[in-house]
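[1] A predicted structure for the sequence below; I have some questions about it.
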Amino acid sequence: MSSRHWRGTQRALTERMQLETFGLSIAGRRANNEDAICARPELGLFVVADGMGGYEGGEIASALAVEAIHELVRRTAGDADVTWPYKIDPARSIIENEVLVATRLANERITLRRTGELCEMGSTVVVLRLEDDHAVIGHVGDSRLYRLRGGVVTQLRAA
């Protein structure tokens, strides 16, 4: 059984909020772990992608998704004048647009690699993007995001 995990350090996001990250991915009965994880507290970015079971290349699709999302957030964090690959929605905040554009970019990268045995590969993805006192959640598929606070686990959902 293969597994992937991370544990981040506690970090102040605001004067009132502390964040401690931990993730664990267990393949279960499968021989191949198709999950990919990104925890970058310094960017306020957390991503979990789960390759679609039953199709070849789920581990490739999930890795592509995490890589594309991380790359876009890293680029936008380092350059306020960065050119975005898609038009933004002026009715949404910058970080909402960032999550939407990043997931769209991830889908594009996966689609471009769908050839031969990988023609049906895909991945679910859930993204948490934190900035100051705002949080944006994005997801595609059935991956979910949970918060553990005061011993209580709560599923968080996109508004």
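    Yep, that arrived.
[2] Could you use CA atoms for every contact and neighbour count after this?
    Will do.
[3] Which residue lies nearest the spatial centre of this structure?
    Nearest to the geometric centre of the chain sits residue 47, at 2.3 Å (Cα atoms, centre = their mean).
[4] would you say it is within a strand?
    Yes: with DSSP: H, G, I helix; E, B strand; the rest coil as the criterion, residue 47 is part of a strand.
[5] for it, what are its contacts?
    37, 38, 39, 66, 125, 126, 127, 128 (Cα atoms under 8 Å, 6 or more residues apart in numbering).
[6] Likewise for residue 141?
    Residue 141 is in contact with 123, 124, 125, counting by Cα under 8 Å, 6+ apart.
[7] Just give me the neighbour total for residue 133.
    10 (other Cα atoms under 10 Å).
[8] who wins for neighbours among the contacts of residue 47?
    Counting neighbours by other Cα under 10 Å, residue 125 leads the contacts of residue 47 with 28 neighbours.
[9] Specify the local secondary structure of that residue.
    strand.
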